[in-house]
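K.L.:
Curious how this folds, go ahead:
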Amino acid sequence: MRMEIWDKVIVVTIRAGIILMMVVIIWGLFTVSGRSAMNKYEAELKDTEYNTDYDTVREIEETLRSYVTSYEADKIIYETNKDSSDKENKALANAAKSRANRTAATYNQFYLKNSYIWEENVPEDIRSELEYIQ
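P.N.:
Now for the predicted structure:
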């Protein structure tokens, strides 16, 4: 008699588990809130993978360093030619100033977008901001 009761308990538990799994599957696949929850979970997994990947961090750092190199080169051209009396040198200086400021804007935006990657441990050669040339 005791075995029959335990057999019934096991069967009821299995059936309840199957029904619960079916409800969860139907909820996850066919309701807005279920799809939303699944999509949010998948997005968080992808973000975590992307943000902790060494290659991603290295790529971001290299991109920022290349912006700094480009910025510094244009700044030198501007500083060298800004006071020249030659019109061509003045035009060259203005073009370099424009490129440097565009690079600074791109750098600053890119830095802000990706600054969470380092968690307050920013490499020493990565600046938090490039200044605009006035």
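
K.L.:
which helices and strands does the lowest-mean-pLDDT helix or strand in the chain pack with?
P.N.:
Counting by mean pLDDT, DSSP states H and E, the chain has its least confident helix or strand at helix 32-52, which shows a mean of 83. Packing contacts for helix 32-52, counted by 3 or more C-beta pairs under 8 Å, 6 or more residues apart in numbering; DSSP states H and E, involve helix 2-30. Every C-beta, even on glycine, is put in place using the N, C-alpha and C of the backbone.

K.L.:
The helix it packs on to helix 32-52, inter-axis angle?
P.N.:
Using axes from the mean of the first three to the mean of the last three C-alpha atoms, to 10 degrees, the direction of helix 2-30 lies 80 degrees away from that of helix 32-52.

K.L.:
The helix or strand following the least confident helix or strand of the chain: how far from the chain's middle?
P.N.:
Once the chain leaves helix 32-52, the next helix or strand it forms, by DSSP states H and E, is helix 54-81. Helix 54-81 sits 19 Å away from the centroid of its parent chain (C-alpha atoms, centre = their mean, to the nearest Å).

K.L.:
Report all helices and strands that helix 54-81 contacts.
P.N.:
Applying 3+ C-beta pairs under 8 Å, 6+ apart, one finds that helix 54-81 contacts helix 87-114.

K.L.:
pLDDT weak spots in this protein?
P.N.:
Applying pLDDT under 70 to the chain flags residues 1-2, 50-51.

K.L.:
In space, not sequence, find me the middle residue of it.
P.N.:
Nearest to the geometric centre of the chain sits N114, at 5.3 Å (C-alpha atoms, centre = their mean).
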